[in-house]
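Student: Got a sequence here, can you model it:
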Amino acid sequence: MKTPLSPLRQRRHTLPASEFRNLTPQDAISVFEIEREAFVSVSGECPLTLEEVLNFLGVCPELSMGWFEEGQLVAFIIGSGWDKERLSQEAMTQHVPDTSTVHLHVMSVHRHCRQQGKGSILLWRYLQYLRCMPGLRRALLICEDFLVPFYIKAGFKEAGPSAISVANLQFQEMEYTLCGQAYARRNSGC
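Tutor: Numbers count the residues shown, from 1 in each chain. The predicted model follows:
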C-alpha cells in the first residue's frame, strides 16, 4: 500500500507567475478594459473599439502579445500587417496579410502595473518575437510627442509627423527595423 504524500510534497496546480503569449478573441474584453482605462481619460476615445480588437485578434493573433501574471492580463500589444511605406488613416482598421511590415496599434499596461517597467519589457519581448517571424522587416507605430523618447530608447527611429490624427491629437510616426537575427536569450520562444 502506498503512503500518501505529505502536504509539503503534494503537487500543487497553480498558474504560472508570469507568461507572455499571443492574445485570442477570448482575451478581447480584458484587452478593451485596460485600453479604455488608459486612453479615454487622455484622448476621450480608445485607439481600437471592442469590435476592432475582436477583429484583429481573430485575423492576426500572431501579431499580438499579452503579458499575464497569475492568469490575469497586465499588459498587451496589438499589431496588424501593413503594406505601405507610411501609415495612413486606413491602417487604423485594416490588416494586410503576408506583408513585411507590422503596424503596432496599441500598447497598454494595466493601471495597477504602471511605472514598473512593464511597458519596456513587453515591447522588448514583442520586438524580439517579431524578429523570429519570417518575412517581417519593420514595425511602425504612431505616438504623441511625449512618448517619442520612450520609443527611441527601445530602438525606434522617428519617421516624421504622422498623417493620422485622432480626436484632434497629432502624432509622430516611428519605425523599428527588424532585420537580423533575434537576440539569443533563454526562453525567447524562437
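
Student: could you pull out the strands for this protein?
Tutor: Applying DSSP state E to the chain gives strands spanning 18-21, 64-69, 72-82, 101-109, 138-143, 157-166, 169-177.

Student: now the angle between strand 72-82 and the fourth one, please.
Tutor: Between the axes of strand 101-109 and strand 72-82, defined by axes from the mean of the first three to the mean of the last three CA atoms, to 10 degrees, the angle is 160 degrees.

Student: got the CA positions of strand 101-109 in CSV?
Tutor: Provided in CSV are the C-alpha atoms of strand 101-109 (Å, rounded to 0.1, in the frame of the first residue of the first chain):
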residue,chain,number,x,y,z
THR,A,101,5.6,45.5,-42.1
VAL,A,102,3.8,45.3,-38.7
HIS,A,103,1.7,48.2,-37.5
LEU,A,104,1.6,48.4,-33.7
HIS,A,105,-1.9,49.7,-33.0
VAL,A,106,-1.8,49.9,-29.2
MET,A,107,0.3,49.0,-26.3
SER,A,108,-1.1,49.4,-22.8
VAL,A,109,-0.4,48.4,-19.2
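
Student: Can you give the distance of that strand from its chain's centre?
Tutor: Relative to its parent chain, strand 101-109 has a centroid offset of 5 Å by CA atoms, centre = their mean, to the nearest Å.

Student: That strand pairs with which strands, parallel or anti?
Tutor: strand 72-82 (antiparallel), strand 138-143 (parallel) (DSSP bridges).

Student: can you put those strands in CSV and add mean pLDDT and mean neighbour count?
Tutor: The way it works is simple: take the backbone N, C-alpha and C, and place the C-beta from them, glycine included. Listed next are those as CSV, based on pLDDT from 0 to 100; neighbours: other CB atoms under 10 Å:
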stretch, mean pLDDT, mean neighbour count
strand 72-82, 96, 22
strand 138-143, 96, 22
